[in-house]
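*Asks:* Pasting the sequence and the predicted coordinates here, then a few questions.
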Amino acid sequence: MSELPATPARFGQPLRFGILCRGTELSAWQAQCVRQLTAVEGVVPALVLVEEGDPSAGAPGRNGIPLLWRLYQRLTRHKLQSERPATPPGELARVPSLRYRTERNGPSGRRIRAADVAVIRSHELDFILQLSDGEDVRGDVLSAARFGVWAFRHGDPAKYGGGPPCFWEIVSADPITAVSLVRLVDGDESQVTLKENHLRTCFKSYVKARDSAFLASTDLPARVSRDIQLGTGDYLLAGATRSPAAGRRLPTGRETLAFVARLFVNKLRDAGGWLFRHRQWCIGIVDRPIQAFLDPAFAPSIQWLPWTGRSGFVADPFGLQRGSVATILAEELDFASSKGRLVAIEWPDGGSPTIHRHIFKMGVHASYPYLLEHEGGVWCIPETQAANEVALFRALQFPVRWEKTATLVEGVAALDPTLVLHRGRWWMFYGVAGRFGEVSLCAQHAPSLQGPWVPHAANPLKTDVRGSRPAGSPFVEGGVLYRPAQDCTLGYGRAVAIFRVTRLSPTEFSEELHSVVRPPPNCTYSAGVHTLSRLGGRTLIDGQRVVFVPLLLFQELRRIIRRRFGGLATRRPAHAPE
C-alpha cells in the first residue's frame, strides 16, 4: 500500500477501536490508556473483546515459572501501582462486548476462531488494541480492522529475547528502557513499530522501573490515533521486522538471586551518591560560535567563571555580547535554601565578573532564563515551573530591571521553555515531567512573540531520556534548524545532544540525532554539561563537577529522619545526583 487506507476519521466520523483483553478487569495502566484514547476528540471505543474460559490456557503454566522468580513476583506484586485492579472507564459500559475463543498458533501466539473474527469484522473497526503484555494474537484477526492489531512492548525483546518487563535491562546495566507500541503482522513474530518512548532505567527498584515503563506507555495509542486523524501516520505502512514475542524468557533461580543482589548493591551506591557526592555547576565561555559544536571532533577550550566556595552554583547561562562585555543571565542556587534565583553577570574580556542579584521579583524557583532580542527589545522567558505558566519579561534597563509583560502559556508546568523564530513562525519547545521523572518534549507555535500560542497537534512530540528536555539556543546552519537537548542517558546533566529538525509544522515534527556534546575530560567541570547557548560569535556553556558539601549531607539526613519518624514526604533536592 502506498497511502493510508480511507477511514471514517477522514470524513469527519469517529475513529472506532476495539479492546482485546484477557479478563473483565483492567489494571491501572490499562484503564489509563483507555482514558487517554477516549480523551482524543473523534476516537471512540466500539467493541470489547474478552477471552472466554481460562485466560491462562495455553500460556506458560505455574509449573513453567521458576520457583524463585514466582516468589519474587508474589513479594512485589502488591507494590506495583500500575498493575493494581482499576475501575474500567465509564465509556466502556455502553460498548458491546464479544467473548471469543482462541487456539494455539504455534509457539509465538494464539489464533482467534474464524467465527469470532467474522463478528469482529462486522463492527468495522479502525484498530484493535491488545491490552496485555503476554502472548500475541495471530492469524486472520490481524486484518480484521483497517489498521490492524496494536500491542505493547515493555522492554526490548529484540535485544533480550523477551522476558519480564525491565528485568534484563537492570541485569545488563542497560541505562535505557524502551517501551513501544507495535502493529502485529501475520508471520512468525513480525511487527511494525509505531511509537516508542525511551526511559532511563531505574536500577535501584524493580517496582519503580516496571511502574515507570507501563505508565509511560499509556499515551502511545492516543498519539498514533491523532497521527491517523492528521494524515501523518504513514509509518503504519512501514516494512515489518521480526522480533521475539514479549514474555518468553523467564529468569532462572540463579538469575533471580543475582538480580536481587544487584538491586541491593544499586541501592547502596545510589544512597552513597546523594549523601556524599553533590553536583556543583559553573558557566564558561567558548570562543567559537555554537555551530562549531556540530563537528563531533570539536574539542572546546573553555574559560570558566571564577567561582569559589561550595555554598551553591550557577548554571543555565544565556547572554548578549555588548562590545567587549559579555552580559549573562543565569540561575544561581543557594544550597541552604535549595531555591534558584536569576542573576545577571557582566563579564568584560580579560576582567573580573560583576554579579547583580535581585533583578527579578519572583516568589517561586526560577531557572533557565532564556534570552532573546526582538524588535529592538530584550526579552527573557525564565523557567517558572512551580507557577504553572510560561511568562514573558521585557528589560527596562538591561540587565538589572525587568517587567512582566505577558503570560504566554497558562496551566502548563513547562521545563526549560525555549523559543525560536523559524521560517516566519514562532516555536516554543519545552519539557513536561511525568510521574516517575520521565520528561516529554512538547511544543507550541504562534504568529508573533506575544501569541496567541497554540499547542502542537502531535503533543507530546516524544518521550526520550536521550533528548526530550531543551538545553539551550536552537540555531540554523545551512537552512537546517538544530535543537540542543539534554542527553540524560547516564544521569541528569551529563551531556547535550544536538538534533537536526527534519520536519516542523503545526501538525508534524521529526528530528534526528546529529552529535553529542560532552565536556573536555581534563577540565575542572568534567562531570557533565546541560546548556549550550549563543553569545554573538561565541558560545556559553555550563559544566558540572562532583564535590562533597557537608551542609547537603546534614540536610538529607534531616529529611530522611523527618520522613521516617515525622510522616513527612519530602522531595529530594534538585542538586542530588541521579
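*Replies:* Yep, that arrived.
*Asks:* Can you mark which positions in stretch 366-383 are buried?
*Replies:* By neighbour count with 16 or more other Cβ atoms under 10 Å, stretch 366-383 contains the buried residues 366-372, 378-383. (Each C-beta comes from the backbone N, C-alpha and C, glycine too.)
*Asks:* Next, the residues that contact the host helix or strand of K208 from outside, please.
*Replies:* Following DSSP states H and E, one finds K208 within helix 206-216. Defining contact as Cβ atoms under 8 Å, 6 or more residues apart in numbering, one finds that helix 206-216 is touched by 29, 32, 76, 79-83, 154-155, 165-167, 169-170, 177, 179, 197, 199, 201-203, 259, 263, 434-438, 463.
*Asks:* Filter the residues you listed down to the ones in strands?
*Replies:* 154, 177, 179, 197, 199, 463 (DSSP state E).
*Asks:* nearest to G543, of those residues?
*Replies:* L199 (25.9 Å; Cβ to Cβ).
*Asks:* pretty sure W274 is in a helix, no?
*Replies:* Yes: W274 forms part of a helix when assessed by DSSP: H, G, I helix; E, B strand; the rest coil.
*Asks:* And for it, the neighbour number?
*Replies:* 18 (other Cβ atoms under 10 Å).
*Asks:* any idea of the pLDDT on it?
*Replies:* Per-residue pLDDT puts W274 at 82.
*Asks:* Would you mind measuring from it to S97?
*Replies:* Distance, W274 to S97, by Cβ to Cβ, to the nearest Å: 49 Å.
*Asks:* Same question for V224.
*Replies:* 24 Å.
*Asks:* Settle it for me: which of those two has more neighbours?
*Replies:* Using other Cβ under 10 Å, the more surrounded residue of V224 and S97 is V224, with 22 against 14.
*Asks:* doesn't that one fall inside a strand?
*Replies:* No: with three-state DSSP as the criterion, V224 is helix rather than part of a strand.
*Asks:* Isn't it up against L181?
*Replies:* Yes: the criterion here is Cβ atoms under 8 Å, and V224 meets it with L181 at 6.5 Å.
*Asks:* Report the set of residues contacting both of these two.
*Replies:* Common neighbours of V224 and L181 (Cβ under 8 Å, 6+ apart) are 150, 194-195.
*Asks:* need those in JSON lines with pLDDT, neighbour count and distance to Y235, can you?
*Replies:* Formatted as JSON lines, these follow (pLDDT from 0 to 100; neighbours: other Cβ atoms under 10 Å; distance: Cβ to Cβ, whole Å):
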{"residue": "W150", "pLDDT": "96", "neighbour count": "26", "distance to Y235": "12"}
{"residue": "L194", "pLDDT": "96", "neighbour count": "23", "distance to Y235": "6"}
{"residue": "K195", "pLDDT": "96", "neighbour count": "21", "distance to Y235": "8"}
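*Asks:* which ones among those are found in strands?
*Replies:* Going by DSSP E, the strands hold 150, 194-195 from these.
*Asks:* Just the closest of these to V390, please.
*Replies:* Nearest member of those to V390, counting by Cβ to Cβ, is K195, at 26.3 Å.
*Asks:* what's the distance between the closest one and I128?
*Replies:* For K195, the distance to I128 - Cβ to Cβ - is 16 Å.
*Asks:* Contact partners for P96?
*Replies:* 46-48, 123.
*Asks:* Dump the residues you listed into JSON lines; add distance to A326 as well.
*Replies:* Formatted as JSON lines, the contacts of P96 follow (distance: Cβ to Cβ, whole Å):
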{"residue": "A46", "distance to A326": "61"}
{"residue": "L47", "distance to A326": "63"}
{"residue": "V48", "distance to A326": "62"}
{"residue": "H123", "distance to A326": "65"}
